[in-house]
Every structure is written in structure tokens, then in C-alpha cells.
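Undergrad: Just to be clear, the model below is a prediction. Sequence and coordinates:
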Amino acid sequence: MEQVFTQRLLSAIVLIPLVVGATYAGGVWFFAIIVFAASIAGYEFFHLMRLSGYKPSCFVGLVLIWLLLVDARYPAWQLARPALTGVIVLSLSWQMFKKDSATPTVDWALTMAGALYLGWIAGHFISLRDSPRGFEWMVLTLLSTWGADTGAYFIGLSLGRHKFFPRLSPKKTWEGTIGGWFCGIAVTLLVGRCIGLGFAHSLALGALVSAFLPLGDLAVSMMKRQAGVKDTSGLIPGHGGMLDRIDSLLFAVVVVYYYARWMGLI
């Protein structure tokens with residue numbers, strides 16, 4: 001356990017400055033780190049599906065992920081609709097000629113689903129960062145997620161007794177989950193105050209983000225359980241794969257983006 005904690009700490013020391021630096025720089029630097037993370041996570045997703053006995057197209061999936069991220073960076077190009085249309089038609093047509101799969105329709109569906117899951121949702125990072133006061137909104141997203149995850153990890157480790165969702169994630173406990181909720185809300189209130197966000201908005205965002213974070217994590221746990229693996233890969237010591245690392249963030253950024261947009265904050 002001590003070795004795992006040390007690995008997690010060292011990985012965080014290396015990765016957090018890179019993420020924060022790219023987030024602060026914005027523009028092409030932030031776009032590049034999102035493309036990199038989504039591409040690695042996409043590869044891991046398609047690998048998990050192959051371990052599950054299916055044969056989705058990693059190449060087609062990654063192409064669609066890239067197109068969706070480019071659309072988020074340059075919305076004036078209106079690339080999403082033709083990109084989705086083209087990839088759906090061409091990939092489905094190509095699938096008919098493949099002879100090495102017993103489940104061609106499922107393979108095609110998994111290719112599209114994985115690309116939409118990662119490309120479409122990850123595009124919200126770019127849209128949020130490119131919005132007015134985008135750096136502050138991204139800092140709130142990152143810190144509230146990290147605060148909730150860290151709180152859930154340590155509180156679950158020390159106080160966890162009652163299983164939260166044993167069918168998908170045997171180690172998660174109600175104590176850790178509830179602790180993560182409170183930590184996430186507390187961090188969001190603190191960051192919200194620092195960036196001039198009102199108490200009511202900070203509290204609402206903290207509650208919403210903290211509530212959705214376990215769902216993002218459990219979604220990937222469901223995929224790993226199906227594939228029969230512990231981590232999506234061994235890329236990040238102590239953390240697993242890229243998809244393991246961004247699963248909660250994918251849900252958090254959607255919550256923050258649409259809350260801020262619908263409330264007229266961006």
C-alpha cells in the first residue's frame with residue numbers, strides 16, 4: 001500500500017504541473033494536451049473492448065475523436081456534423097467487407113460509441129477553456145475533481161466499511177464516496193470564492209460535480225470489469241491508464257460547462 005501511495009504521489013508531482021501549465025497557456029498548448037490525453041484514452045478503450053472479445057476499429061475511432069476535438073477548437077468550421085456523417089457512413093460500409101469478425105455490427109457500434117464518449121465529451125474541455133474566463137473555469141473543474149477524488153481515496157482508505165457499488169468497484173465504500181462529496185463541495189466553495197463566483201453557484205456546482213464524479217469512475221469500472229482487468233493500462237504508475245485518470249474529469253467538465261452556460265456565466 002505504501003508503494004502504491006508513493007507511486008501515486010510521484011505521478012501527481014510530475015503530471016499536475018504539466019496539466020496546470022498547459023491549462024494556463026491555453027490555445028494550442030491546451031488543445032495539444034487534450035488531444036494527447038483523449039487519444040491515449042481512446043486507444044485504451046478500444047483495447048478493453050478487444051479484451052472483451054470484440055474488434056472495434058481503433059483507427060476509425062481515433063480519427064473521429066480527432067475530428068470532434070478539432071470541431072471544439074474551431075467551432076466556426078462546423079466540422080462535427082459532416083465528420084459524424086462521413087465516419088458513420090464510411091465505417092459502416094467498410095464493416096460489411098470485413099471477414100475476421102463474428103460481431104461486425106457490435107464492432108462498428110463500439111467504434112462509434114468509444115469515439116463519441118471520448119471525443120465529444122473531451123471537446124468540452126476545449127470549449128470551456130476557450131470561453132470567457134476559461135482558465136478560471138478550468139481551475140475550478142480540475143481542483144474540485146481532484147479534491148473530491150483525493151478526499152474519497154483517503155477517507156475510504158481509513159474509514160471505509162460499507163461497499164458502495166461492489167458489482168462494479170469492490171473497493172469503493174459509502175464512507176469514501178460521501179467524504180468525497182463533502183471534500184468536493186468544500187474545494188469548489190473555496191475556489192469559487194477565489195474567482196469571484198457567488199456562494200449559491202459555488203455550492204450548486206460543488207454538489208453537482210461531486211455527485212457526478214463517482215458515475216464517471218464507475219462507468220470505466222464497468223468497462224474494466226467486462227474486460228477482466230484492474231486498470232485500463234499501466235501508463236501512469238499508481239494510477240493505471242489515462243482513461244483511469246480522466247474518467248471523473250470527463251463527467252465533471254460536462255457539468256461545469258453546461259451549468260456555467262445555462263446560468264449565463266459564460
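TA: Everything's here; your move. Numbering: from 1, shown residues only.

Undergrad: how about the strands in this structure?
TA: 163-165, 169-173 (DSSP state E).

Undergrad: Can you list the low-confidence ranges for the stretch 1-150 of the chain?
TA: 1-5 (pLDDT under 70).

Undergrad: and the helix ranked longest in the chain with strand 169-173, angle?
TA: If you go by DSSP state H, the chain has its longest helix at helix 199-227. Per axes from the mean of the first three to the mean of the last three CA atoms, to 10 degrees, the angle that helix 199-227 makes with strand 169-173 is 150 degrees.

Undergrad: Helix 199-227 packs against which elements?
TA: Judged by 3 or more CB pairs under 8 Å, 6 or more residues apart in numbering; DSSP states H and E, helix 199-227 is in contact with helix 27-51, helix 134-159, strand 163-165, strand 169-173, helix 174-194, helix 242-262. (Glycine included, C-beta is placed from N, CA and C.)

Undergrad: Which among the ones you listed is found nearest to T103?
TA: T103 lies closest to helix 27-51 among those, at 10.6 Å (CB to CB).

Undergrad: And for that closest one, what's in contact with it?
TA: Here helix 27-51 makes contact (CB atoms under 8 Å, 6 or more residues apart in numbering) with 18-19, 21-23, 56-58, 61-62, 65-66, 69, 73, 110-111, 114-115, 117-119, 122, 125-126, 129, 223-224, 226-229, 232-233, 235, 241-243, 246.

Undergrad: picking up where we left off before, which of the residues in the longest helix of the chain are classified as buried?
TA: 202, 204-206, 208-214, 216-221, 223-225, 227 (16 or more other CB atoms under 10 Å).

Undergrad: what distance separates that helix from the centre of its chain?
TA: Distance of helix 199-227 from its chain centroid, counting by CA atoms, centre = their mean, to the nearest Å, is 10 Å.

Undergrad: Report the rounded mean pLDDT for it.
TA: Mean pLDDT, helix 199-227: 94.

Undergrad: G134 and H124 touch, don't they?
TA: No: if you go by CB atoms under 8 Å, G134 and H124 don't touch, sitting 11.5 Å apart.

Undergrad: residue ranges of the helices in the stretch 1-150 of the chain, please?
TA: 2-25, 27-51, 58-73, 80-95, 104-115, 121-129, 134-159 (DSSP state H, counting those that start in this stretch).

Undergrad: Buried deepest among those, which one?
TA: helix 121-129 (a mean of 23; mean count of other CB atoms under 10 Å).

Undergrad: okay, the angle between it and helix 199-227?
TA: 160 degrees.

Undergrad: Distance from the chain centre to helix 121-129, please.
TA: Offset of helix 121-129 from its chain centre (CA atoms, centre = their mean): 11 Å.

Undergrad: Which strands or helices does that helix pack on?
TA: helix 27-51, helix 58-73, helix 134-159, helix 242-262.

Undergrad: and of the helices of the stretch 1-150 of the chain, who's closest to C194?
TA: helix 134-159 (8.5 Å).

Undergrad: quick one: which of the strands of the chain is nearest Q7?
TA: Closest among these, once you apply CB to CB, is strand 169-173, at 16.6 Å.
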